[in-house]
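# Below are the sequence and a predicted model; questions follow.
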Amino acid sequence: MALTDLTKKIFDDAAAHADEIRANGKTQVAAVRERAQEARATWRAAFEAETKSLEQAAAFRTHEQTEHEARLTLEAARRTVLDEAFAQALEQTCAADDAAYRAYITPALETLAKDAVKVTTLYTPEARLAVTEAAARAVGIAAPVVAQSDIAGGFVAESADATFDMRFEHLVQTVKRAHEPTIARTLFNN
């Protein structure tokens, strides 16, 4: 066969099979397009699921943050109520009439006298000098009583060895530290 015959045969075969080659190509292109479409649909579904998951996670975090802020606000409000209750207790104790005031300080003075503490000086608010001196003398404490402007109520007793802080503000803080959880449960029922 000559080269021209061979070329003619290739063209004739190609013409005879052209429709078959085109149909086969179209089938393969359609299959590729279908797989690509399925891949896009799968990717889109995964993307939408991930987006929804992220949105839910963000909503959950926002909800958790809101709840946390609400708990902090509630705790701050409770703290304010407790602080005000203790401040009011201190204020009422300090504002007591002389007889009640003397009744408040006498047990502490009696304890000092009973324990044979040699009190060298008693410090008390200026407005309570007379009542503190009378209560001290009544239990046998003869130390000088000195006005101290930074004491709201109660007294500070000094001896050669120690200082006894019986200021009402100190006593209220001691009670607060020791009993605040119980008081909070009682006030807030939790």
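All right, it came through fine.

# Which strand or helix spans the most centrally placed residue in the chain?
Nearest to the mean C-alpha position of the chain, counting by Cα atoms, centre = their mean, stands residue 72 at 5.2 Å. Residue 72 is part of helix 3-94 when elements are defined by DSSP states H and E.

# repeat for residue 172
Counting by DSSP H and E, residue 172 is found in helix 168-188.

# Who are the packing partners of that helix?
helix 3-94, strand 154-159 (3 or more Cβ pairs under 8 Å, 6 or more residues apart in numbering; DSSP states H and E). Backbone N, C-alpha and C define where each C-beta goes, glycine included.

# what's the angle from the helix holding residue 72 to helix 168-188?
Orientation check (axes from the mean of the first three to the mean of the last three Cα atoms, to 10 degrees): helix 3-94 against helix 168-188 gives 120 degrees.

# Helix or strand next in line after helix 3-94, which one?
Using DSSP H and E, the next helix or strand after helix 3-94 towards the C-terminus is helix 98-114.

# Can I get that next one in PDB? Just the C-alpha atoms.
The C-alpha trace of helix 98-114 is given here as PDB (Å, rounded to 0.1, in the frame of the first residue of the first chain):
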ATOM      1  CA  ASP A  98     -25.300  54.500 125.600                       C
ATOM      2  CA  ALA A  99     -26.900  51.600 127.400                       C
ATOM      3  CA  ALA A 100     -26.900  49.300 124.400                       C
ATOM      4  CA  TYR A 101     -23.400  50.400 123.500                       C
ATOM      5  CA  ARG A 102     -22.100  49.600 126.900                       C
ATOM      6  CA  ALA A 103     -23.800  46.200 126.700                       C
ATOM      7  CA  TYR A 104     -21.900  45.600 123.400                       C
ATOM      8  CA  ILE A 105     -18.500  46.400 124.800                       C
ATOM      9  CA  THR A 106     -18.800  45.100 128.400                       C
ATOM     10  CA  PRO A 107     -18.300  41.300 127.500                       C
ATOM     11  CA  ALA A 108     -15.000  42.100 125.700                       C
ATOM     12  CA  LEU A 109     -13.800  44.300 128.600                       C
ATOM     13  CA  GLU A 110     -14.800  41.500 131.100                       C
ATOM     14  CA  THR A 111     -12.800  39.000 129.100                       C
ATOM     15  CA  LEU A 112      -9.700  41.200 129.200                       C
ATOM     16  CA  ALA A 113     -10.100  41.700 133.000                       C
ATOM     17  CA  LYS A 114     -10.800  38.000 133.600                       C
END
